[in-house]
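Student: Sharing a model prediction with you, sequence too.
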Amino acid sequence: YALVQLRADDEDGKTAAYRDLRGALDTPGVRTQTGGNVPFLEEANTRTTADITRAELLSMPILLVLLVLIFGGLVAASTPLLIGLLAILGGFIAVRVVNLFTDVSIFAINVITLIGLGLAVDYALFVVSRFREELAAGHSTPEAVRRTMATAGRTVLVSGLTIALAMASLLIFPQSFLRSMGLGGMAAVLVAMLAALTVLPAL
């Protein structure tokens, strides 16, 4: 059993030092295992990146087929995906800015991807369904958009703010990964909400 102390000042520096050191710990004929916070985070980062990539490659085509069936058309079905991509991209950018001032765990990526895409589909379903109802009632397109945003848009606004406030409760925990999940969730929710209230009506 060997105890190794990494002398870097921050998590990134410790991770880089661990990567440089890890290869030197292996010995032929001996099974070497590492533990502790830094090896755990390094393994979590590697697995998370691979899992997210695989999940997105599998889920996107299935989601598109389901949306075409639900919305009844390719154009309408593409709007939730567009809002979802905006939510994910906006969440990544927001967390990147936050990362300039404090450490952000890799787990924030999972939360942004899952919540951003899920809420984007949910909000787009609210707005598009209500818009179609207003058109079917004989209203012009501008009037249908106005009435949609006064009803379904208000629901999206209240929902987004409520979920963001709920996610903010994770910020009180001292653990970095819990705070990061809260930051990632808030960023994804707020961007998905804003996109559903601005980009979607414009489309």
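Tutor: Perfect, I can see it now. Numbers count the residues shown, from 1 in each chain.
Student: What helices and strands are in contact with the helix or strand of the chain with the lowest mean pLDDT?
Tutor: The helix or strand of the chain with the poorest confidence is helix 37-71; it has a mean of 80 (mean pLDDT, DSSP states H and E). Counting contacts by 3 or more C-beta pairs under 8 Å, 6 or more residues apart in numbering; DSSP states H and E, helix 37-71 packs against helix 11-22, helix 74-99, helix 107-136. From N, CA and C alone the C-beta is placed, and that goes for glycine too.
Student: Can you say which of those helices is packed in most?
Tutor: Counting by mean count of other C-beta atoms under 10 Å, helix 107-136 has the highest mean neighbour count of the helices and strands packed on helix 37-71, with a mean of 21.
Student: who does that helix touch, helix- and strand-wise?
Tutor: Where contact means 3+ C-beta pairs under 8 Å, 6+ apart, helix 107-136 is packed against helix 37-71, helix 74-99, helix 141-168, helix 176-202.
Student: one more time with 6 Å
Tutor: Here helix 107-136 touches helix 74-99, helix 141-168, helix 176-202, going by 3 or more C-beta pairs under 6 Å, 6 or more residues apart in numbering; DSSP states H and E.
Student: Let me have those helices in a markdown table, extended by mean pLDDT and distance to Phe126.
Tutor: Listed next are the helices and strands packed on helix 107-136 as a markdown table, based on pLDDT from 0 to 100; distance: least, C-beta to C-beta, whole Å:
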| stretch | mean pLDDT | distance to Phe126 |
| --- | --- | --- |
| helix 74-99 | 84 | 10 |
| helix 141-168 | 92 | 5 |
| helix 176-202 | 88 | 8 |
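Student: Need the pLDDT of the residue located most distally from the centre of the chain.
Tutor: Distance from the centre of the chain peaks at Gly29, with 42.9 Å (C-alpha atoms, centre = their mean). We have a pLDDT of 88 for Gly29.
Student: can you give me phi and psi for it?
Tutor: phi 80, psi 0 (degrees, to the nearest 10).
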